[in-house]
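Engineer: Kindly return the folded structure for what I paste below:
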Amino acid sequence: MAETKKLRAGLIGLGMMGRHHARNLRSIDGVELVGVADAMGDPHGVAGNLEVKKNIDELIALGLDYCVVAAPTVYHDEIGTKLAEAGVHALIEKPLAKDTSSAKGLAELFAKKGLVGAVGHIERYNPALQNLRKRLEAGELGDLYQVATRRQGPFPNRIADVGVIKDLGSHDIDLTAWVTQRDYELVAARSMFKSGRQYEDMVSATCQLSGGLMSNHLVNWLTPAKERLCIVTGEKGMFVADTLTADLTFYGNGTAHETWEDLAQFRGVSEGDVTRFAIPKPEPLRTEHENFRDAVLGKDADIVTLVQGARVVQVCEAMIESSKTNQFVEII
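Structural biologist: Below you'll find the predicted structure:
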């Protein structure tokens with residue numbers, strides 16, 4: 001029986017994230033990494049026996065089925081446009097583009113060309129969030145009240161072209177909309193500039209999603225310890241997803257009657273059972289790559305579409321605008 005032809009994949013951008021993409025492109029079934037490109041060379045030595053091309057044009061000339069774009073955000077629009085015009089499917093690292101207009105333009109172009117485009121919002125593929133999404137869909141939390149996320153830690157030297165909202169906050173915007181299946185409607189935010197860079201390094205945002213769902217997001221590059229939490233509260237209790245450890249814990253609303261008179265008069269919830277779920281923990285980036293491969297092959301796959309990626313950029317820019325104007329910004 002003849003071996004099924006492998007998809008020919010390319011990778012542009014060989015920095016910190018690019019090296020992990022290269023590793024996964026070489027390890028998943030049905031894919032062959034045939035070319036890499038980076039104008040700055042190969043600092044992590046991931047090219048192996050491949051010649052490091054200088055630009056996207058040289059990479060396209062190799063005859064690609066799809067390409068992973070891990071170049072700086074400012075180049076995403078140009079690279080994505082050339083890939084689409086050449087008929088090449090693309091997995092583009094987040095944020096999709098430098099601004100909403102460019103992001104929407106890419107989404108429209110890939111759709112017009114009939115190509116698969118996806119955005120590398122890797123947190124969607126974290127095992128804790130994948131499991132949480134299924135449990136919320138099954139109604140295990142009942143009516144949803146609030147989503148709170150905390151994504152804090154030291155400044156990563158790899159980031160130079162965007163602030164903390166588009167780099168880190170974009171993760172929480174995407175995962176919140178995805179796990180709840182709600183759309184952002186209103187955004188209010190305050191940001192701070194504490195490290196002397198031109199971009200914000202701290203943001204606190206309060207948002208409204210469809211159905212009246214409230215969300216709160218704390219994101220910064222100023223905390224000396226990393227924290228990655230997503231907390232979803234609803235009528236039946238609270239889920240806490242720790243994406244650093246890929247752990248998911250459920251805190252149920254108790255039913256026991258309180259005997260302390262003052263506490264018994266409070267008509268809120270009470271503490272119930274706590275359950276920490278044992279779940280498989282595959283590498284999120286590998287899951288992302290496998291889903292994109294399947295999408296290119298026309299199979300059922302869970303990808304972050306370019307339309308969804310553009311929506312994330314729009315919410316990010318609404319946070320930036322709100323922090324400047326001190327006003328709620330409506331997402332249209």
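
Engineer: For the closest residue to I79 other than its chain neighbours, which residues are in contact?
Structural biologist: Spatial nearest neighbour of I79, chain neighbours left out: I56 (4.9 Å); criterion: CB to CB, 6 or more residues apart in numbering. Quick note: C-beta positions are derived from backbone N, CA and C, even for glycine. By CB atoms under 8 Å, 6 or more residues apart in numbering, I56 lies in contact with 12, 37, 67, 78-79, 82-83.

Engineer: Over to F277?
Structural biologist: 131, 247-250.

Engineer: try E93
Structural biologist: Here E93 is in contact with 13, 17, 68-71, 73, 76, 119-120 (CB under 8 Å, 6+ apart).

Engineer: Kindly indicate which of these lies nearest T305.
Structural biologist: Lowest distance from T305 to the contacts of E93 (CB to CB) belongs to V119, with 7.5 Å.

Engineer: in which helix or strand would I find the closest one?
Structural biologist: Assigned by DSSP states H and E, V119 falls within strand 117-120.

Engineer: From the chain's centroid, how far away is the helix or strand that that strand is followed by?
Structural biologist: Downstream of strand 117-120, the first helix or strand assigned by DSSP H and E is helix 127-137. A distance of 15 Å separates the centroid of the chain from that of helix 127-137, by CA atoms, centre = their mean, to the nearest Å.

Engineer: downstream neighbour of helix 127-137 in the secondary structure list?
Structural biologist: Immediately after helix 127-137, counting by DSSP H and E, sits strand 144-152.

Engineer: Which of the contacts of I56 are buried, as a PyMOL select command?
Structural biologist: To isolate the buried members of the contacts of I56 in PyMOL, using 16 or more other CB atoms under 10 Å:
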select buried, resi 12+37+67+79+82+83
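
Engineer: Looking at the contacts of I56, which are in strands?
Structural biologist: Among the contacts of I56, the members found in strands (DSSP state E) are 12, 37, 67.

Engineer: ok, the second one - contacts?
Structural biologist: A37 makes contact with 10-14, 52-56, 58-59, according to CB under 8 Å, 6+ apart.

Engineer: Could you rerun that using 7 Å?
Structural biologist: Neighbour list for A37: 12, 52-56, 58-59 [criterion: CB atoms under 7 Å, 6 or more residues apart in numbering].

Engineer: Please indicate which of the residues you listed are buried?
Structural biologist: When the contacts of A37 are checked for burial by 16+ other CB under 10 Å, the buried set is 12, 52-53, 55-56, 59.

Engineer: Do a quick rundown of the strands in the stretch 201-332 of the chain.
Structural biologist: 202-209, 214-220, 227-234, 237-242, 247-253, 271-277, 329-330 (DSSP state E, counting those that start in this stretch).

Engineer: Thanks again, I'm all set now.
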